[in-house]
Structures are given as C-alpha cells and as structure tokens.
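1. I would like to see how this sequence folds:
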Amino acid sequence: MQPQPEVSSLLLCNDGYGSTDDTNNNDDQDNRSIHIMRRGGLKQSINDSIRNSIGHLQQSLQPFNASVREMEGTSTISNEMFNLTKNLVGAGALGIPSGFAALAGASRSGWAMIPAGFIIIVMAFIFGYYFILIGRVCKMVDASSYGEAWHESVGSRSGIWKNISFLVPLSVIGMAGLGNLAYSMILADTTRSLLSGTFGWHIGRNTCLFLVTFFVLLPLCMVKKMSVLAPFSAVGTGGIIFTMAVMALRCFDGSYEQDGEFLSSTPAELQPLFYSDEPVIPAVTDIFLLVCMCFQAFFCHYNAPRYYMELERKSIERLMCVSHVAFGVSAVTYFVIGALGYYTFGQHSAGLILNNYSANDGLALICRFAIAVSLAFTYPLPFIGTRDGILDLFSVNNEMQTSTNLNILSIVILSVITALACRFTDLGLVNAVGGGALGTAVVFVFPSIMFYSAVKKEKEASFWLKCESIMCLLLMIAGIAIGVIGVIVVVTDDSRV
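-> Residues are numbered from 1 along each chain as shown. Predicted structure coming up:
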C-alpha cells in the first residue's frame, strides 16, 4: 500500500505541475485524489486554527517584561505617580518603626522625632534627586534600561569599565530582589495572621507563603505593562492610609497600654516598652541604622529608566513632577508610620510593625488584609527590576525574550525569592543590610559615574553641568561611607543576633 501523498504535492498536481505519468488515470483515481485533497485541506485548516489559537494565547500571556521601547509613552503622569508612590511605600514603611526605636532609646519624649524626621527628609531629597538623575542620563545617551544607560555612557570607554560592567545588572538584581524578598516575608506573616484571626486556621508561615506565591504573585508577575497596575496601586495606597488611621487610633486610645483591651493577648516580647520620658541623645550607630533602612525604603531606582520611557510626552520636567510628588508623599508616610508605631510599642517595635498588634484586634486584622492586597499588587514593580537585571547580565537579545522564555524565567526567580523568604524573618535586618550594601551601588555609585561620563561626552556641556557631575562624585563617596558603616552597625548589633 502506497503512502498518502502530501498536501503540498496534491496542490502541485492540481495546478498542473505534477508528473506526466498520471495522465492515464481513470475517473475513480481522480475522485480518490480529490477526496484526499479535501482531507488534507481540512487538516491544514485545523492546523491553522490551532496555530492561531496558540498565538492569541501567547499574546494574552505576554509577560510584564514587554519591551520598554514598545511601551514608550503609554503611561499618564497620574498613573506614574500612583505606581511610583506604591513602588516606594511598601515593605520599607512597615520596618521604619524599629529604626525609630533604635534612635529614640525607649524614651517617650517627642524630641526623638526631630532627628528622625530630619533623616527621612534628607534621604527623600537625595534619593529623589538620583532617581531623576538616572532619567536624565537615559535622555542624554538614549537608553531605555539601567544596564543600557551604563553601557552607552561608560561601558565602552576603557577596558577597566568593561571588566566591571557585570556589577551593574548584578547589583540591580540583588537590590530589586531584596525588595521582593521583603514583600514575600510580609505577605507570609500577614496571611498567617489573617487565616488564624478570621477563620481560626492555624497554618504554618511557609505554607501560607507557598499559597500566596502560587495563586496570587505568579499571575500578577505575568501582566503586560505598568499602566495596568495603576488602579490597583490606588487601592493599595488606600490600604496604607487606612493602616495609618488604625495605627493612630491604637496609639491614642490606650488599647495596648497597662490594662488595655489588647495588652494581655499580645506576646510579652511585643508589648510596649518605655524606660523614661526624658529625651535621649541618639548614638551615631543608631542614626546609621535608620539611614540604612531609608536606603531600602526609598529605593526604586532600578525602574527609573522604565518610568521615564513609559511616561506620556516624556520629558525630564514631567519626570521631576512625578518624582517630587511620589517621594514627598512617601516621606510623610514613613514618618507618620514610624512615629505612630514607636509611640505605641516603644523599644519592642518589631521589624514588621503589624506583628506587634494582637490577633484579637479586629481593626489590625483588616489592616493586615489591606497591606496584603497593597503589597501583592505592588509586587510586580520591583520584580521587573530583578528580571530586567538578569536579562542585562546575560545580554539576552530581543529575539530570545519570547513569552515562554520570560515566563519560565519569572517562575525561577519567584521560586528563589520564596525559598529565601522561608529562611529569613527579620524585615528590618533585610532592609538595613540590603539597603546599605546594594543600595549604595545602585543609587549612588553607578548613576554618579554614568552622569559624569555622559557630561564628559557632551561637547557643549555648561560650566554648571560639569560642576554638578563633580558634586555627584563627591556625594557618591559620602554614600559609600554611610552604607558601609550602616551595614557594619546592623551586622554587629547584638539585639538582632
């Protein structure tokens, strides 16, 4: 029995290009050939339909890491404000009260808030300046990512810079990944508290983390672009505001003071602890601890090129407007949460302040839910920085960045972050060490060098622009010193061992 002819061969025969040996076939053979052709045509039609369906499915699952160039100019200024504010006000805000506790020395005196507020304002100004600076570099060298900005400004200047170029995406990966690690740690703790307080289900922390990662975080990390998350960022901001309101209520209603309603149901190591009402002069080491926490809290610079590129009618002036609003709102939020958390629990303020509140506190339970929702929808923002950094590190070209490959990469990254979140539980420690070690490089070192090199390439650079580039180098040295001292302080802090 001879094999069935291929569809392509049948079509050739039908068009008169077949072999001349078939000219004497009878009518039955012709009818059989037509029948085979029809079957082949039906098969081809089915195959085309399947391919089209797969194509539509791949397009619908196109991940968050779509090409930045494709997303250029697609986000309104209000969307960017919401997204950047939520990118900032996340895990870092809930760890600030422990930094206030180190600074205030268990004193109820309000004088402790003066140095705390000063530190937060100064850090917001500096970090906001460097966020805008990265956008300026991207404009000067026509870059669309952090790694590309480095390569176009200094990466090809000499062999020295080429040899250390890998440190740029590596630092971005580490810093953005630590942001996701902090989010995962918070979501694990809040989910466990929610299930226990709402349904009475006593499920382990790691089990809660796996459930949240698989059913919530993984789908969110597959969405296409930042602007899609803007409405959820607004909802998340509302959750933060509600949490601050509840913290203010509990700070002033005495629920956690002696004989308070929720004091007895709070673990002893998390109950309020104050030593005196007299002002305490903070130690230098305590100042550096809060500074390092601010490093992590104000860090989102891995996404600065994307915010600039996606901004509708992009310009440095519009990026400055976005930055000023987002960093200003974040600074106020950090100070309020830090002060309210500290004056409620004092020296026992936990690395995740929500852990201090009793499981029987209904409003605190709602806060945990609000924060969980807020952080879940914020999670993709630092996640894109991690993924972009990996693509830059291995120089993955656009042809290799298919939906399938990017989805696989996302699953691998999320698995590693989840495994680390199972191991670490001290949010304040993660924020301080991560901010001091990696934040210094990504925020101060690399942007200063990029800006200095980009200005040096400008043929008509003004005198003031050259002075600014030198000032950035001096600020970079100061940032390195602060970061190194801060990490040493945190690592050698006996209270965290």
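2. Average pLDDT for stretch 301-316, rounded please.
-> Confidence for stretch 301-316, expressed as mean pLDDT, is 88.
3. oh, I was asking about stretch 85-101
-> The pLDDT scores in stretch 85-101 average 81.
4. CA atoms only: put it into CSV for me.
-> C-alpha atoms of stretch 85-101 as CSV (Å, rounded to 0.1, in the frame of the first residue of the first chain):
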residue,chain,number,x,y,z
THR,A,85,4.3,56.0,45.2
LYS,A,86,3.3,52.4,45.6
ASN,A,87,6.7,51.2,44.4
LEU,A,88,8.2,53.3,47.3
VAL,A,89,5.6,52.9,50.1
GLY,A,90,5.6,49.2,50.6
ALA,A,91,7.7,46.9,52.7
GLY,A,92,10.1,49.6,53.9
ALA,A,93,7.3,51.6,55.6
LEU,A,94,6.4,48.8,58.0
GLY,A,95,10.0,48.4,59.1
ILE,A,96,10.6,52.1,59.9
PRO,A,97,9.2,52.0,63.5
SER,A,98,12.1,49.6,64.5
GLY,A,99,14.5,52.2,63.2
PHE,A,100,12.7,54.9,65.3
ALA,A,101,13.0,52.6,68.3
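5. Which positions in it come out as buried?
-> For stretch 85-101, burial by neighbour count (16 or more other Cβ atoms under 10 Å) applies to 85-101. Any C-beta I mention is one placed from the backbone N, CA and C, and that applies to glycine too.
6. And stretch 454-469, how far out from the chain middle?
-> Offset of stretch 454-469 from its chain centre (Cα atoms, centre = their mean, to the nearest Å): 32 Å.
7. got it, and stretch 281-295?
-> A distance of 24 Å separates the C-alpha centroid of stretch 281-295 from that of its chain, computed with Cα atoms, centre = their mean.
8. Name the residues of that stretch that are buried.
-> For stretch 281-295, the neighbour count (16+ other Cβ under 10 Å) marks 282, 286-295 as buried.
9. Could you export it as CSV, CA atoms only?
-> Only the C-alpha atoms of stretch 281-295 are listed here, as CSV (Å, rounded to 0.1, in the frame of the first residue of the first chain):
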residue,chain,number,x,y,z
ILE,A,281,20.7,61.7,72.6
PRO,A,282,20.9,59.1,69.8
ALA,A,283,24.1,57.2,69.3
VAL,A,284,25.9,57.5,65.9
THR,A,285,25.3,53.9,65.3
ASP,A,286,21.6,54.2,65.8
ILE,A,287,21.5,57.1,63.3
PHE,A,288,23.2,54.9,60.7
LEU,A,289,20.7,52.1,61.3
LEU,A,290,17.8,54.4,60.4
VAL,A,291,19.7,55.8,57.4
CYS,A,292,20.2,52.3,56.0
MET,A,293,16.5,51.5,56.4
CYS,A,294,15.8,54.6,54.4
PHE,A,295,18.1,53.3,51.7
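10. Give me the mean pLDDT for that stretch.
-> Stretch 281-295 comes out with an average pLDDT of 78.
11. So which of the buried residues of stretch 281-295 belong to helices?
-> 286-295 (DSSP state H).
12. wait, which of those residues is closest to Phe274?
-> Proximity of these to Phe274 (Cβ to Cβ) peaks at Asp286, which lies at 16.2 Å.
13. is it true that that closest one touches Leu103?
-> Yes. With contact defined as Cβ atoms under 8 Å, Asp286 counts as touching Leu103 (5.0 Å).
14. Now for Cys422, how many residues are close by?
-> Residues near Cys422, counting by other Cβ atoms under 10 Å, number 17.
15. I meant to write Ser145 there.
-> When neighbours are counted by other Cβ under 10 Å, Ser145 registers 24.
16. List the contacts of Lys456.
-> Contacts for Lys456 (Cβ atoms under 8 Å, 6 or more residues apart in numbering) come out as Ser469.
17. Sticking with it, tell me its helix or strand.
-> Using DSSP states H and E, Lys456 falls within helix 446-457.
18. before we move on, which element is Cys467 in?
-> helix 463-491.
19. Can you give me the buried ones in that helix?
-> Of all the residues in helix 463-491, those buried under the rule 16+ other Cβ under 10 Å are 468-469, 472, 475-476, 479, 482-483, 485-487, 489-490.
20. and what of stretch 75-86?
-> Buried residues in stretch 75-86 (16+ other Cβ under 10 Å): 75, 79-86.
21. cool, and stretch 263-274?
-> For stretch 263-274, by 16+ other Cβ under 10 Å, it's 266, 270-272, 274.
22. again, but for stretch 202-222
-> Those would be 208-209, 212-213, 216-218, 220-222, for stretch 202-222 by 16+ other Cβ under 10 Å.
23. min pLDDT across the residues you listed, which one?
-> In terms of pLDDT, the weakest of these is Met222, which scores 77.
24. Can you classify that one by secondary structure?
-> Per DSSP: H, G, I helix; E, B strand; the rest coil, the local secondary structure of Met222 is coil.
25. okay if I get the buried residues of stretch 263-274 as JSON lines plus pLDDT?
-> Listed next are those as JSON lines, based on pLDDT from 0 to 100:
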{"residue": "Thr266", "pLDDT": "90"}
{"residue": "Leu270", "pLDDT": "91"}
{"residue": "Gln271", "pLDDT": "91"}
{"residue": "Pro272", "pLDDT": "91"}
{"residue": "Phe274", "pLDDT": "88"}
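26. I'd like those as CSV, with distance to Tyr129 and secondary structure appended.
-> Compiled in CSV, the buried residues of stretch 263-274 are given as follows (distance: Cβ to Cβ, whole Å; DSSP: H, G, I helix; E, B strand; the rest coil):
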residue, distance to Tyr129, secondary structure
Thr266, 41, coil
Leu270, 37, helix
Gln271, 41, coil
Pro272, 38, coil
Phe274, 37, coil
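27. Need those in CSV (columns: distance to Leu391).
-> Shown next, in CSV, are the buried residues of stretch 263-274 (distance: Cβ to Cβ, whole Å):
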residue, distance to Leu391
Thr266, 46
Leu270, 42
Gln271, 47
Pro272, 47
Phe274, 50
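28. In terms of helices and strands, where is the residue nearest the centre of the chain?
-> The centre of the chain sits closest to Pro382, judged by Cα atoms, centre = their mean, with a distance of 1.3 Å. Per DSSP H and E, Pro382 falls inside helix 380-393.
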